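Novice: below are the sequence and a predicted model for it; my questions follow.
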Amino acid sequence: MFKLNVKHADKKTIKERLNVVETPQYKYVLTDDKESVEDDKINIVFPHAEIPQVSSLLDWIVKGEELYITGYNQFGQKRVECRNIQYFIVETEDVFAVLHDSKLIVKLKLYEIEELLQHKEFIRVSKYCLVNIGKIEYIRSALNSKLDLQMKNGDHCEVNRSYLKDFKAALEL
């Protein structure tokens with residue numbers, strides 16, 4: 001997705017500060033030199049003082065890229081944009097993607113989905129559930145330091161105690 005085109009001495013430091021993963025096939029060129037732009041790519045030219053703003057911009061670009069999940073139900077196979085999924089849940093050893101009014105069986109393990117969606121607005125809330133933060137309607141306190149999430153489709157998910165700290169950090173609470 002990205003190519004970092006800066007002076008070799010600065011490359012490692014800038015790469016760490018921007019949290020950039022370079023790929024052989026890329027759409028974006030990040031550079032600090034106006035002479036290093038590539039005509040057939042999207043170029044981001046920045047001074048070193050603006051690295052925090054560039055990092056925020058890159059986060060927005062990565063989160064904005066749409067990702068599709070393929071699932072199955074009684075009608076057949078369906079590709080769904082991940083932003084349309086309310087949550088993923090494991091039931092009887094199958095992983096389901098829950099949409100507004102239907103469920104799809106996903107042929108991936110929950111940890112694989114979590115890795116795939118790590119830069120999207122999904123957060124693990126229990127051993128069996130991964131929720132879309134943008135689809136949470138209400139958050140209520142529950143017993144034993146747990147939280148009850150009411151999703152926009154009316155379903156409820158529970159944030160277990162061991163996932164509570166990461167959940168609050170993701171919501172910036």
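Specialist: Okay, I see it. Please read all numbers here as calculations on a predicted model, not as lab measurements.

Novice: how about stretch 9-18: buried residues?
Specialist: Neighbour-count burial for stretch 9-18 flags Ile14, Lys15, Leu18 (criterion: 16 or more other CB atoms under 10 Å). C-beta coordinates here come from the backbone N, C-alpha and C atoms, glycine included.

Novice: show me where this protein has helices.
Specialist: Per DSSP state H, the chain carries helices over the ranges 8-18, 51-64, 110-116, 161-171.

Novice: need the residue closest to the centroid of this protein.
Specialist: Lys120 (1.6 Å; CA atoms, centre = their mean).

Novice: find the least confident helix or strand in this structure, judged by mean pLDDT.
Specialist: The weakest-scoring helix or strand in the chain, judged by mean pLDDT, DSSP states H and E, is helix 51-64 (a mean of 75).

Novice: show me how far that helix is from its chain's centre.
Specialist: Distance of helix 51-64 from the chain centroid (CA atoms, centre = their mean, to the nearest Å) equals 13 Å.

Novice: output the contacting helices and strands for that helix.
Specialist: helix 8-18, strand 28-31 (3 or more CB pairs under 8 Å, 6 or more residues apart in numbering; DSSP states H and E).

Novice: any chance of a markdown table for the helices of the chain, columns distance to Asp39?
Specialist: Output for the helices of the chain, formatted as a markdown table (distance: least, CB to CB, whole Å):
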| stretch | distance to Asp39 |
| --- | --- |
| helix 8-18 | 22 |
| helix 51-64 | 20 |
| helix 110-116 | 32 |
| helix 161-171 | 39 |
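
Novice: right, and those - which one's nearest Ile44?
Specialist: Proximity to Ile44 (CB to CB) singles out helix 51-64 among the helices of the chain, at 6.6 Å.

Novice: pLDDT score for the residue in the chain sticking out farthest from the centre?
Specialist: Going by CA atoms, centre = their mean, the residue of the chain most distant from its centre is Glu35, 33.3 Å out. In this model, Glu35 is scored at 85, pLDDT.

Novice: could you list the low-confidence segments of this structure?
Specialist: Where the chain drops to pLDDT under 70, the residues are 62-65, 173.

Novice: mind running it again at 90?
Specialist: 1-68, 81-83, 92, 100-101, 115-121, 134, 142-145, 166-173 (pLDDT under 90).

Novice: still on that earlier bit, and the angle from the least confident helix or strand of the chain to helix 8-18?
Specialist: In terms of direction (axes from the mean of the first three to the mean of the last three CA atoms, to 10 degrees), helix 51-64 departs from helix 8-18 by 60 degrees.
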